[in-house]
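# sequence below, structure please.
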Amino acid sequence: MPEYSSMVGLEGVKYSPLVKEKGLWIASKIIDYPHVINAKMATDSSTEKQYADNKVADLAVSTGSTKLDLEMRDVPPEHLVNLFGIEETKDGLYLFKKNVTPPWIAITFFGVKANGKKRHVGLVQGRFTLPDDDWSTKKEKIDFQTSKLSAEFLEREQDDVYKIIADEDAPNFDLDKFYEKVYGNAYTSSNDEPKASKSTDLGA
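The predicted model follows:
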């Protein structure tokens, strides 16, 4: 079992736009998205009660979608295209169209625990909504403006998985297996994605 330890940090956001192959959504290239500030996840769930003999006899729990809120330092132009489906022209313009449909994506990040080890989190199929713009004038005291992004994730059809977590200090932890489970062939076939070594401090 992993060591009980509180989360004290957050970093390492990566994502991959999904493409449809043989009727299934599959990860394509893996893209780094640096400078994450905050992340919050919440999964919708509901409990239905069955009554018998004037008391609760059974409970049924249903699980819905998972909402992810990310606060990032900025949304650079390349992420406008990859996350929100914004059209880029050869003149360097980014066209926001009314009928734009954000692509499906998979995403991963990790939290740092107080013991120095990492908890890796993956969400396998979801879509982001366009972020709001919130700017303010410069004052005597600098007020940094950040970008707040929201996405909703569901289970993927091929295995019904919607979220994957892995603790670095768990027995038999394998970072490659984690990324392979989230991104599939996009990870195993990538020449740019460094493969983790089981004999080193993974993620260091």
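
# all contacts plus neighbour counts: C-alpha atoms, from now on.
Will do.

# how near is the residue located most distally from the centre of the chain to Ala60?
When distances are taken from the C-alpha mean of the chain, Asp53 lies farthest, 45.2 Å away, according to Cα atoms, centre = their mean. The spacing between Asp53 and Ala60, counted by Cα to Cα, to the nearest Å, is 18 Å.

# try Lys181
Distance from Lys181 to Ala60, by Cα to Cα: 28 Å.

# in the protein, where is pLDDT below threshold?
190-204 (pLDDT under 70).

# what helix or strand is the residue nearest the centre of it on?
The centroid of the chain falls nearest to Ile107 when counting by Cα atoms, centre = their mean (3.3 Å). Using DSSP states H and E, Ile107 sits in strand 105-113.

# ok, that strand: who's next to it in the sheet?
Take DSSP bridges as the rule and strand 105-113 pairs in its sheet with strand 7-21 (antiparallel), strand 118-129 (antiparallel).

# quick one: residues contacting the closest residue to Leu80 other than its chain neighbours.
Closest residue to Leu80 apart from its sequence neighbours, by Cα to Cα, 6 or more residues apart in numbering: Ile86 at 5.7 Å. Taking Cα atoms under 8 Å, 6 or more residues apart in numbering, we find Ile86 in contact with 80, 94-97, 100, 102.

# filter the residues you listed down to the ones in helices?
Counting by DSSP state H, the contacts of Ile86 place Leu80 in helices.

# how about the contacts of Ile86, which pair is most distant?
Based on Cα to Cα, the longest span within the contacts of Ile86 runs between Tyr94 and Pro102 and measures 14.2 Å.

# relative to Lys20, how far out is His79?
According to Cα to Cα, His79 stands 20 Å off from Lys20.

# could you give me the buried positions within the strand or helix carrying Ile164?
Assigned by DSSP H and E, Ile164 belongs to strand 163-167. By 16 or more other Cα atoms under 10 Å, the buried positions in strand 163-167 come out as 163, 166-167.

# would you format these as CSV with distance to Met1 included?
Output for the buried residues of strand 163-167, formatted as CSV (distance: Cα to Cα, whole Å):
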residue, distance to Met1
Lys163, 19
Ala166, 11
Asp167, 9
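
# of these, which is the nearest to Ser46?
For the buried residues of strand 163-167, the nearest to Ser46 is Lys163 (17.9 Å; Cα to Cα).

# quick one, what contacts that closest one?
Contacts of Lys163 (Cα under 8 Å, 6+ apart): 121-124, 155.

# for the strand holding Ile164, which strands pair with it and how are they oriented?
Under the criterion DSSP bridges, strand 163-167 sits next to strand 118-129 (antiparallel) in its sheet.

# what's the following helix or strand after the strand it pairs with?
strand 147-153.

# among the strands paired with strand 105-113, which is nearest Asp44?
Here strand 118-129 is closest among those (Cα to Cα), at 14.4 Å.

# which outside residues touch the closest one?
18, 83-84, 102-113, 149-156, 161-169, 182-183, 203.

# repeat for stretch 142-162
24-25, 64-75, 123-136, 163.

# how about it: buried residues?
So, applying 16+ other Cα under 10 Å, buried residues of stretch 142-162: 146-156, 162.
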